[in-house]
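**Q** No letters, just coordinates:
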């Protein structure tokens, strides 16, 4: 009888997990576990690969530049509110706006404190006027800022002015500074004389800006009305000059001196092609004369103490151009009067050509003046207002150079402030004295001329008219070239 095989049941252990026999891992359970592990490993690998890819190919993080605006203000209660409104509504709002209230005796400080987001700083012991206020503000607040804008307390910026300045400065190699294109608001003139003066200043600045734009945007002065600077460049200037601030306190043209320092260190100094600013115009002859005297005298002192280089060469050419314009006007008047007194004058129609060319050039400039009006065009074509304005500029520059060469020192800032406030400064007595002196000189010259020998008279007239003709021909040629020179779409 065959024996039967006994089957023994496996031992079951309670309280802990039983160990499975190797045979239990075979089959569908093992395959499912392997599939889940492989899937999980694939997900981890893809996640790591995606993270590495994002790190390697992520776009560069753009650094947001920080901008500081410095506004030196001395008794500017009539304009500071409009200036701050224009700044706070910019398409690129500054990161900090600082108003340096410099020895104010009016409501400038109180008005500025009403604006949220505006820092008001009182200058301490400042005797250097605008320049000292700028240096104190820069020294106190410049840390941590990439760009610094210096803006006058009577300059109104167009809504996108700061954005355009920052955009241009950011892409400029070795950026130093960039200046807005300046013009004036014709509506600020309350009287006929004020409107005429604004019109002449608009034409003057349009001519100056057009010339700068045609020189590849290079400028010999980053005007203090509204310029944006690289803060690194300002720090470099202060370190080079070993001063507490980048603005030179020893000059009346601190913006011009700063531009010269930047150029000496190979930094850029450009005029913007897009940014617009409306500067505060001079509304009276007294204030215009005081402002131009400060500028001309400051430039003359700068040129006297500086060596001739590419930058000062531009300034010398400007002064020589003004001198030649003065010589032709004064020379023509003198020779015409001298010829008529001795009955030696003969009219030649060639002398009508230069005024016609000048009128065309003025018309071209007036046509490009921002927000031009019919009165701008008429004033340019008539030539009389432009010529009177030019004679005033020549007289101002002559008086400034006379002061510098004779060693006379004036406080141009104080003179301009008194003139703008309408305060009397002994101007009537000086004008009367000047008129009497000129009358004596002219009277003596007329007497000597009319009693001179005929041969001497003819020789002086012949040489004088020939020399004047040569100078006038060269000036006319330069005007023709300016008329024919293309603007390349750049507007002043």
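**A** Here it is on my side, so go on. Only a predicted model underlies this, so the values are computations on that prediction, with no experimental measurement involved.
**Q** Run through the stretch 301-450 of the chain and note the low-pLDDT ranges.
**A** 422-431 (pLDDT under 70).
**Q** Which stretches in it count as helices?
**A** 310-341, 353-367, 374-382, 384-406, 412-420, 427-450 (DSSP state H, counting those that start in this stretch).
**Q** contacting residues around the fourth one?
**A** Outside of helix 384-406, the residues within contact range by C-beta atoms under 8 Å, 6 or more residues apart in numbering are 196, 199-200, 203-204, 285, 288-289, 292-293, 296-297, 299-301, 304, 319, 322-323, 325-326, 329, 358, 362, 379-380, 409-410. Where C-beta positions appear, they are placed from N, C-alpha and C, glycine not excepted.
**Q** are any of the residues you listed buried, and which?
**A** Among the contacts of helix 384-406, those buried by neighbour count (16 or more other C-beta atoms under 10 Å) are 196, 199-200, 203-204, 288-289, 292-293, 296-297, 299-301, 319, 322, 325-326, 358, 362, 379-380.
**Q** residue contacts, the residue nearest to residue 145 when sequence neighbours are not counted?
**A** Spatial nearest neighbour of residue 145, excluding adjacent residues (C-beta to C-beta, 6 or more residues apart in numbering): residue 68 at 4.1 Å. Neighbouring residues of residue 68 by C-beta under 8 Å, 6+ apart: 94, 95, 96, 98, 141, 142, 145, 147, 148, 149, 231.
**Q** Show me where the stretch 101-250 of the chain has its helices.
**A** Using DSSP H, counting those that start in this stretch, the helices of the stretch 101-250 of the chain run over 108-113, 129-141, 161-170, 192-214, 231-241.
**Q** Can you check the pLDDT for the closest residue to residue 79 other than its chain neighbours?
**A** Leaving aside its sequence neighbours, residue 79 sits nearest to residue 154 (C-beta to C-beta, 6+ apart; 4.2 Å). The model reports residue 154 with a pLDDT of 95.
**Q** tell me the mean pLDDT over stretch 114-125?
**A** 95.
**Q** so how far is the first residue of it from its last?
**A** 25 Å (C-alpha to C-alpha, to the nearest Å).
**Q** So which bits of that stretch are buried?
**A** Result for stretch 114-125 [16+ other C-beta under 10 Å]: buried residues 115, 118, 119, 120, 121, 123.
**Q** Next up, the contacts around the last one.
**A** Spelled out, that is residue 123. Contacts of residue 123 by C-beta under 8 Å, 6+ apart are 100, 101, 102, 103, 132, 133, 136.
**Q** can you check the fifth one too?
**A** Under the criterion of C-beta under 8 Å, 6+ apart, the contact list for residue 121 reads 98, 99, 100, 101, 136, 137, 140, 141.
**Q** Give me the lowest-pLDDT entry from the contacts of residue 123.
**A** Within the contacts of residue 123, pLDDT reaches its minimum at residue 103, with 92.
**Q** and that one, how many residues sit next to it?
**A** As a burial measure, residue 103 scores 14 neighbours (other C-beta atoms under 10 Å).
**Q** for the one 10 residues further on, same thing?
**A** Neighbour count for residue 113, taken as other C-beta under 10 Å: 13.
**Q** In space, what's closest to it - neighbours in sequence excluded?
**A** Residue 113 sits nearest to residue 120 (C-beta to C-beta, 6+ apart), 5.2 Å away.
**Q** Next one: that neighbour from residue 71, what distance?
**A** Counting by C-beta to C-beta, to the nearest Å, the gap from residue 120 to residue 71 is 10 Å.
**Q** Also residue 146?
**A** Noted for residue 146: a distance of 19 Å to residue 71, by C-beta to C-beta.
**Q** Between these two, which is the more surrounded one?
**A** Neighbour totals were compared for residue 146 and residue 71, and residue 71 leads with 28 against 17 (other C-beta under 10 Å).
**Q** So what touches the biggest strand by length in the chain?
**A** Ranked by residue count and defined by DSSP state E, the top strand of the chain is strand 269-278. Here strand 269-278 makes contact (C-beta under 8 Å, 6+ apart) with 155-158, 160-162, 164-165, 168, 172, 176-185, 209, 212-213, 217-220, 222, 225-226, 259, 262-263, 370, 490.
**Q** gap between that strand and the chain center?
**A** Mean-position distance between strand 269-278 and its chain equals 7 Å (C-alpha atoms, centre = their mean, to the nearest Å).
**Q** returning to that earlier point: just the buried residues of stretch 114-125 now: which is nearest residue 48?
**A** Among the buried residues of stretch 114-125, residue 119 lies closest to residue 48 (C-beta to C-beta), at 49.5 Å.
**Q** Thought residue 99 was touching that closest one, still the case?
**A** Yes - judged on C-beta atoms under 8 Å, residue 119 makes contact with residue 99 at a distance of 7.2 Å.
**Q** re the thing from before, in terms of helix, strand or coil, where does the residue nearest to residue 145 fall?
**A** Secondary structure for residue 68, judged by DSSP: H, G, I helix; E, B strand; the rest coil, is strand.
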